[in-house]
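S.K.: 3D model of this:
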Amino acid sequence: MGDGATPLWIAAKQGQCDVVGLVLAVEGVQVNKASNRGVTPLYVAAQEGHGDVVRLLLAMEGVQVNKASKRGVTPLYVDAQEDHGDVVRLLLAMEGVQVNKASKRGVTQLLMAARKGHGDVVGLLLAIKSVQVNKEDKDRKQPVLGRLQKYQLEHADRASSSGSASSYRQAWPVRHTNLHFDIDTPSRRSGRHAPAPGSTAAQRAFSPSKLTHAVF
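M.R.: Prediction:
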C-alpha cells in the first residue's frame, strides 16, 4: 500500500474488533505506530467512529491519547470534527487528555465543534473545567463564542427565509441534546414579532452573556 499502515492500523480503520484484539495480544505490538501521515491506530479508529476499537486501544498500556498527525490533529480533535459524541466521551475520560490542544492552524477541539455546529460535542467539551472557551484560531481570529453566535444567527436566517413560522420559532433558540442556547427575544417574552435575523436587534438579542451552561 505504501502508506505506512500496519495490520493493527488497517483493522482499526475497518472497525474489526476481533482482529484488533488478536493483534494487540501479540507481545511487542506497537500500538502507537503511525502511518506516513502521522495517523495512529487510535486516531483512525476515532475518525471512523469505531467506539469498540477505541476502547480496546485505550485499554493498552502506553497508548498515546494525545498523539497528533502531521497536521497537528489529535484523536479528540478529529472526533469533535466528525461529531462522534460517544467516542469523545471515551477520550475525555482518559487521564491526561489535552482538551485545548490545537492543530497547526491553531484550531482547538471546541472551536472545530462550534464551527461545524455539533452541539452535543460542544456540550461535552464545555463540561470540562479546563477548556478554553475564548481561544482563537490563527486564520480568522474568531473566538468560540463568536462561532456559536454566528451558528445561531445562520439557523435563524434559514428558518426565516423558509417562510415557516414554526421553523423560525425553533431557531430561537436552537436546542441540542447537550447544549441549550437561551435567546431572550421579543417573541419569547410577549409573542411580538422577533427581530429580523442578522439585524442589530437580533445581534443584541443573542449575546455571549445569554449563553447558558451546557445541559446534561
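S.K.: show me where the protein has helices.
M.R.: Using DSSP state H, the helices of the chain run over residues 7-14, 17-24, 41-48, 51-58, 75-82, 85-92, 109-116, 119-126, 144-161, 165-170, 186-190, 200-205.
S.K.: give me the average confidence score over the shortest one.
M.R.: In this model, helix 186-190 has an average pLDDT of 37.
S.K.: with stretch 55-74 instead?
M.R.: For stretch 55-74, the mean pLDDT works out to 96.
S.K.: end to end on that stretch, go ahead and measure it.
M.R.: With CA to CA, to the nearest Å as the measure, stretch 55-74 spans 16 Å from end to end.
S.K.: give the buried residues for that stretch.
M.R.: Neighbour-count burial for stretch 55-74, with 16 or more other CB atoms under 10 Å as criterion, is recorded at Leu56, Leu57, Leu58, Val63, Val65, Asn66, Ala68, Ser69, Val73, Thr74. Glycine gets a C-beta too; all of them are placed from N, C-alpha and C.
S.K.: and the second one, what does it touch?
M.R.: Looking back up the chat, that one is Leu57. Neighbouring residues of Leu57 by CB atoms under 8 Å, 6 or more residues apart in numbering: Ala12, Val20, Leu24, Val31, Pro41, Leu42, Ala45, Val63.
S.K.: redo the residues you listed as JSON lines? Include distance to Ala114.
M.R.: Putting the contacts of Leu57 into JSON lines (distance: CB to CB, whole Å) gives the following:
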{"residue": "Ala12", "distance to Ala114": "28"}
{"residue": "Val20", "distance to Ala114": "32"}
{"residue": "Leu24", "distance to Ala114": "35"}
{"residue": "Val31", "distance to Ala114": "31"}
{"residue": "Pro41", "distance to Ala114": "28"}
{"residue": "Leu42", "distance to Ala114": "24"}
{"residue": "Ala45", "distance to Ala114": "24"}
{"residue": "Val63", "distance to Ala114": "28"}
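S.K.: separate out the buried members of those.
M.R.: Judged by 16+ other CB under 10 Å, buried ones among the contacts of Leu57: Ala12, Val20, Leu24, Val31, Pro41, Leu42, Ala45, Val63.
S.K.: the bottom helix or strand of this structure by mean pLDDT?
M.R.: Across the helices and strands of the chain, mean pLDDT, DSSP states H and E gives its lowest value to helix 186-190, namely a mean of 37.
S.K.: and which of the buried residues of stretch 55-74 is nearest Val107?
M.R.: Sorting those by distance to Val107 puts Val73 at the head of the list, at 8.9 Å, by CB to CB.
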